[in-house]
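Novice: what follows is a predicted protein model with its sequence.
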Amino acid sequence: AQSVTQLDSQVPVFEEAPVELRCNYSSSVSVYLFWYVQYPNQGLQLLLKYLSGSTLVESINGFEAEFNKSQTSFHLRKPSVHISDTAEYFCAVSPIYNQGGKLIFGQGTELSVKP
Amino acid sequence: GAVVSQHPSWVICKSGTSVKIECRSLDFQATTMFWYRQFPKQSLMLMATSNEGSKATYEQGVEKDKFLINHASLTLSTLTVTSAHPEDSSFYICSAGREATGELFFGEGSRLTVL
């Protein structure tokens, strides 16, 4: 079985400040890792994912996440946030044998960017 | 643009009535779709895996007779909340996997309010 823990339920930051949203997972098998973003009353949008290869993955809007196998973590970072980054962020894992299959989500982290 | 579409995006119904939510993959075929439920300020909980041409696989604790899932075609899965009650009020989200690439796409979600 897999589980995902997002250590912070809420993260308030000021605009242009750096931010890190923490994610740790537990799994007895190898997993794929994902970060999704959810704006109010909307579905989820994929932000970035780690499947294999380089442990540092980047999104097109400046976010990055690093897969750390020894610490079973996949923290999300952005060096300078914008007001528009305000949203709920979910970390998720999927067993590699279940490609394209169901995801196990963390509890979510509400990122609130203030001017 | 959206590759998975849900309809309706929001619905209000009276207690005791049934509500059907549709999930469509717009530009690919999905033999498997997933239905999630999200309570306010909480994460997504997988309800069931919808398999085209066969019965859905429900997660533990999800009432099969209350949440009827039908996957009639490779592009359409439906979730019917039968005899809805106020405690069924929630945000329901579907997802579909594009098997060729292993990508998982989410619908925009459907907010159900039962009065």
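Specialist: That came in fine, so what should we check first? Numbering: from 1, shown residues only, chains lettered A, B, ... in the order given.
Novice: so which residue of chain B comes closest to chain A?
Specialist: For chain B, the nearest residue to chain A under the criterion CB to the nearest CB is residue B:97, separated by 3.3 Å. Yep, even glycine has a C-beta here, placed from its N, CA and C like the rest.
Novice: and residue 51, how many neighbours does it have?
Specialist: Using chain A here. If you count neighbours by other CB atoms under 10 Å in any protein chain shown, residue A:51 ends up with 14.
Novice: please refer instead to chain B.
Specialist: Here the count is done by other CB under 10 Å, and residue B:51 has 15 residues near it.
Novice: touching, it and residue B:32? I think so.
Specialist: Yes. With contact defined as CB atoms under 8 Å, residue B:51 reaches residue B:32; the gap is 5.9 Å.
Novice: helix/strand/coil for the most centrally placed residue in chain A?
Specialist: The residue lying closest to the centre of chain A (CA atoms, centre = their mean) is residue A:35, at 3.2 Å. In the three-state summary, residue A:35 is assigned as strand, counting by DSSP: H, G, I helix; E, B strand; the rest coil.
Novice: which residues does it form beta bridges with?
Specialist: Counting by DSSP bridges, residue A:35 forms beta bridges with residue A:48, residue A:91.
Novice: give me the pLDDT for it.
Specialist: If you check residue A:35, the pLDDT there is 95.
Novice: any idea which residue of chain A is furthest from its center?
Specialist: Of all residues in chain A, the one whose C-alpha sits farthest from the chain's mean C-alpha position, using CA atoms, centre = their mean, is residue A:115 at 23.2 Å.
Novice: where are the low-confidence patches of chain A?
Specialist: In the predicted model, chain A carries pLDDT under 70 at residues A:97-101.
Novice: again, only using 80
Specialist: Judged against pLDDT under 80, the low-scoring parts of chain A cover residues A:1, A:41, A:96-102.
Novice: chain B contacts on that one?
Specialist: The interface of chain A toward chain B, taken as CB under 8 Å from any CB of the partner chain, is made up of A:36, A:41-46, A:51, A:90, A:94, A:99-108, A:110.
Novice: give the PyMOL command for selecting the buried subset of these.
Specialist: Of the residues of chain A next to chain B, the buried ones go into a single PyMOL selection, burial set by 16 or more other CB atoms under 10 Å in any protein chain shown:
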select buried, chain A and resi 36+42+43+44+90+94+100+101+102+103+104+105+106+107+108+110
